[in-house]
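Asker: A structural model of the following input is requested.
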Amino acid sequence: MSKNRQVTTTTLRRMKAEGQRITMVTAYDATMAKLVDRGGADAILVGDSLGMVIQGRENTLAVSLDDIIYHTQAVVRGAERAHVIADMPFMTYQADPMEAVKNAGRLLKEGGAQSVKLEGGKAFRPVIERMVRSGIPVMGHIGLTPQSVHAMGGFKIQGRDAANANRIFEDARALEDAGCYGIVLEGVPVELSRMITESLSIPTIGIGAGVECDGQVLVIYDLLGMFEDFVPKFVKQYAQMGEGVRDAVAAYKEEVQAGTFPAEAHTFHAKEALFGPREVKLEPAPAEEDEPIGGMYGVSV
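Answerer: A predicted model of the protein is given here:
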């Protein structure tokens with residue numbers, strides 16, 4: 001596959017068939033999207049995780065459809081090769097199938113995404129089928145589903161016992177049958193992700209699901225070591241850019257305070273004299289006291 005060729009849902013399915021691992025990363029702006037695209041990411045997820053890492057919230061529930069559309073537009077401008085997937089936020093698809101199709105359509109039409117992702121298992125099969133019939137590619141998401149954080153009693157690993165593992169397995173089969181082109185498996189045991197991956201013809205993308213999946217996804221701020229409040233067990237930090245950002249800002253502040261930045265190398269000069277001799281004349285300040293313009297006197301040049 002050409003490095004510069006646009007990655008599509010067909011590409012991702014072919015990668016599974018050919019045994020090529022899929023690399024997915026989240027991004028929320030054009031600059032980061034351009035960087036991860038040039039780094040070789042096969043897919044970029046505009047995740048509702050932006051509620052936590054961008055908006056500073058405790059979970060993803062308050063993220064709106066307009067939030068995702070805005071950030072997807074930015075990511076699409078930065079990505080050239082990677083397949084861009086937009087998350088469907090909480091309550092944009094759960095209540096009404098027709099509304100779900102309309103909202104998913106906005107993510108493609110207004111946001112510019114190439115596909116959408118939604119959380120949930122076989123209960124959402126009718127919604128997914130309607131989206132797929134409407135020409136909207138859908139990626140599923142099962143296991144630990146952050147939009148159900150309250151129902152699950154927190155961010156907890158799912159499928160550790162036989163009954164729950166069987167439920168998640170059946171969800172995966174139902175999502176494939178509904179027409180999903182891929183599935184995110186989050187927070188499940190490696191034994192379960194292996195069984196699901198081997199049983200499906202569509203790719204599985206793991207996060208906290210072990211190495212047996214067809215691909216992996218990480219939040220970019222986790223990958224770069226920029227989100228330091230909490231580091232989950234499944235995260236590997238491939239850089240320590242949080243520390244680097246702090247050090248860079250501290251050095252910048254030190255030079256600003258010392259008057260060494262901007263230096264001559266960062267300074268522009270005129271090509272000729274811009275002004276002749278000037279006289280500064282002090283005039284009484286206007287009578288309106290509610291609009292001060294520089295102390296007791298105004299200055300005209």
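Asker: what about this structure, any weak spots by pLDDT?
Answerer: 1-4, 278-301 (pLDDT under 70).
Asker: Which parts of it are strands?
Answerer: With strands called from DSSP state E, the chain shows them at 22-26, 43-46, 83-87, 115-117, 138-143, 182-186, 204-207, 215-218, 281-284, 297-300.
Asker: can you tell me which residues contact the nearest residue to V217 once chain neighbours are set aside?
Answerer: Excluding the flanking residues, the one nearest V217 by Cβ to Cβ, 6 or more residues apart in numbering is M24, at 3.9 Å. Where you see a C-beta, it was placed from the backbone N, CA and C, and this is true even at glycine. Residues in contact with M24 (Cβ atoms under 8 Å, 6 or more residues apart in numbering) are A41, D42, A43, I44, L45, I85, I205, G215, Q216, V217, L218.
Asker: most neighbours per residue, which of the strands of the chain?
Answerer: The highest average neighbour count among the strands of the chain, using mean count of other Cβ atoms under 10 Å, belongs to strand 43-46 at a mean of 30.
Asker: just checking, what packs against that strand?
Answerer: Using 3 or more Cβ pairs under 8 Å, 6 or more residues apart in numbering; DSSP states H and E as the contact criterion, the elements in contact with strand 43-46 are strand 22-26, helix 30-38, helix 65-78, strand 83-87, strand 215-218.
Asker: Serialize these to a markdown table and add fields for distance to S199.
Answerer: Converted to a markdown table, the helices and strands packed on strand 43-46 look like this (distance: least, Cβ to Cβ, whole Å):
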| stretch | distance to S199 |
| --- | --- |
| strand 22-26 | 18 |
| helix 30-38 | 30 |
| helix 65-78 | 31 |
| strand 83-87 | 23 |
| strand 215-218 | 16 |
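Asker: nearest to R173, of the ones you listed?
Answerer: strand 215-218 (19.1 Å; Cβ to Cβ).
Asker: partners of that closest one in the sheet?
Answerer: strand 22-26 (parallel), strand 204-207 (parallel) (DSSP bridges).
Asker: so which of those strands gets nearest G182?
Answerer: Evaluated with Cβ to Cβ, these place strand 204-207 nearest to G182, the distance being 6.2 Å.
Asker: Now stretch 192-199: buried residues?
Answerer: L192, S193, R194, M195, I196, T197 (16 or more other Cβ atoms under 10 Å).
Asker: now the first one: how far from F169?
Answerer: Here L192 is placed at a distance of 7 Å from F169 (Cβ to Cβ, to the nearest Å).
Asker: Quick check: the closest residue to R5 other than its chain neighbours vs T31, distance?
Answerer: The shortest distance from R5 to any non-neighbouring residue, by Cβ to Cβ, 6+ apart, is to R81 (6.8 Å). Distance, R81 to T31, by Cβ to Cβ: 16 Å.
Asker: again with P232
Answerer: Using Cβ to Cβ, P232 is found at 25 Å from T31.
Asker: Export the strands paired with strand 215-218 to TSV and append columns for distance to K16.
Answerer: Shown next, in TSV, are the strands paired with strand 215-218 (distance: least, Cβ to Cβ, whole Å):
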stretch	distance to K16
strand 22-26	8
strand 204-207	8
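Asker: Mind listing the residues bridging to the residue nearest to V217?
Answerer: A43, V217.
Asker: who are the neighbours in contact with G225?
Answerer: G225 neighbours (Cβ under 8 Å, 6+ apart): Q237, Y238, A239, Q240, M241, G242, E243.
Asker: try 6 Å
Answerer: Q237, A239, Q240, M241, G242 (Cβ atoms under 6 Å, 6 or more residues apart in numbering).
Asker: Filter those residues down to the buried ones, PyMOL style.
Answerer: In PyMOL, this line selects whichever of the contacts of G225 come out buried by 16+ other Cβ under 10 Å:
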select buried, resi 237+241
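Asker: May I see the contacts of G225 arranged in CSV, with distance to E228 as well?
Answerer: Below are the contacts of G225 laid out as CSV (distance: Cβ to Cβ, whole Å):
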residue, distance to E228
Q237, 9
A239, 12
Q240, 9
M241, 10
G242, 5
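Asker: can I assume E176 is in contact with L200?
Answerer: Yes. Distance between E176 and L200: 5.3 Å, which falls inside the contact criterion (Cβ atoms under 6 Å).
Asker: Make a markdown table from the strands of the chain and add distance to A151 to it.
Answerer: As requested, those are arranged in a markdown table below (distance: least, Cβ to Cβ, whole Å):
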| stretch | distance to A151 |
| --- | --- |
| strand 22-26 | 23 |
| strand 43-46 | 23 |
| strand 83-87 | 18 |
| strand 115-117 | 19 |
| strand 138-143 | 14 |
| strand 182-186 | 15 |
| strand 204-207 | 19 |
| strand 215-218 | 23 |
| strand 281-284 | 70 |
| strand 297-300 | 65 |
